[in-house]
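J.: Show me the folded form of this:
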Amino acid sequence: MNFHWQIRTHKKNLLVFFNGWGMDSRPFAHLRSGSFDVLILYDYRSLSFPLEFGRDLENYQEIYILAWSLGIWVCQALGDIFPSRPVFSLALNGTSRPIHPRYGIPPAIFDATLNQFSPAVRENFYGRMFSRPEEAARFLQNPPERSLSGQREELEFLRQRILAVPTSGQGQHFDAVLISKPDLIIPTQNQLRFWNDRCSCHLLASGHFPFFRWQQWESILAEAGYG
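T.: The predicted structure is shown next:
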């Protein structure tokens, strides 16, 4: 697991962003914050928690969580890693059963992406994250600096761990969920089915990657009713 301090100006509050598969910090460079330091976790080829990050957590009065896509499962799989309960935890476009015919990505589709992974498959995946072509074009102007082999290794590692230890809501509690409609990566209906009666759900008119609709990290939390 890697991490990147996108904002580190020694504020009192910290936002921890559990990124999705295949990503790094580059596609989120446009997001700013006046309230938080922002730490981005990514590249889940292991779930080893960075020791220095654990020490840094103790310096913050309040911690907030945003977990996106497969980062939701990672967040829950890590369990109670925070020194105190986060003030607000938000799940975005994913579930804690991310490989599942009814609650996540259908297993055949997940396996096909892994087994056939190539530059063309990656490009198709990136395109399907968006509901508008201009957003896909914007993403490709500043894409993740990740190797094809590294992304494939990450996807294979996650598949093995998810199928070995599927979570069903244990671990990190989420206070709210944002779900895009349409989401062509993790089907919208599967997300709604999973989160039904678990916590408050809010729909977005967007694709799987909705981050270009916001300019500040705080605005994402506000979209889910916080603040």
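J.: pLDDT below threshold where in this structure?
T.: 166-172 (pLDDT under 70).
J.: all helices in the chain, in order from the N-terminus.
T.: For the chain, applying DSSP state H gives helices covering 51-57, 71-77, 107-115, 119-128, 133-141, 148-164, 188-195, 217-223.
J.: Contacts for the second one next, please.
T.: The set of residues external to helix 71-77 that reach it, using Cβ atoms under 8 Å, 6 or more residues apart in numbering, is 17-20, 41, 44, 47, 65, 67, 91-92, 94-98, 158, 161-162, 165, 167, 169-172, 174. All C-beta atoms are positioned from the backbone trio N, CA, C, and that covers glycine.
J.: now the helices of the chain as JSON lines including mean neighbour count and distance to Asn13?
T.: As requested, the helices of the chain are exported to JSON lines (neighbours: other Cβ atoms under 10 Å; distance: least, Cβ to Cβ, whole Å):
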{"stretch": "helix 51-57", "mean neighbour count": "12", "distance to Asn13": "12"}
{"stretch": "helix 71-77", "mean neighbour count": "25", "distance to Asn13": "18"}
{"stretch": "helix 107-115", "mean neighbour count": "14", "distance to Asn13": "35"}
{"stretch": "helix 119-128", "mean neighbour count": "14", "distance to Asn13": "32"}
{"stretch": "helix 133-141", "mean neighbour count": "13", "distance to Asn13": "28"}
{"stretch": "helix 148-164", "mean neighbour count": "16", "distance to Asn13": "29"}
{"stretch": "helix 188-195", "mean neighbour count": "19", "distance to Asn13": "26"}
{"stretch": "helix 217-223", "mean neighbour count": "19", "distance to Asn13": "10"}
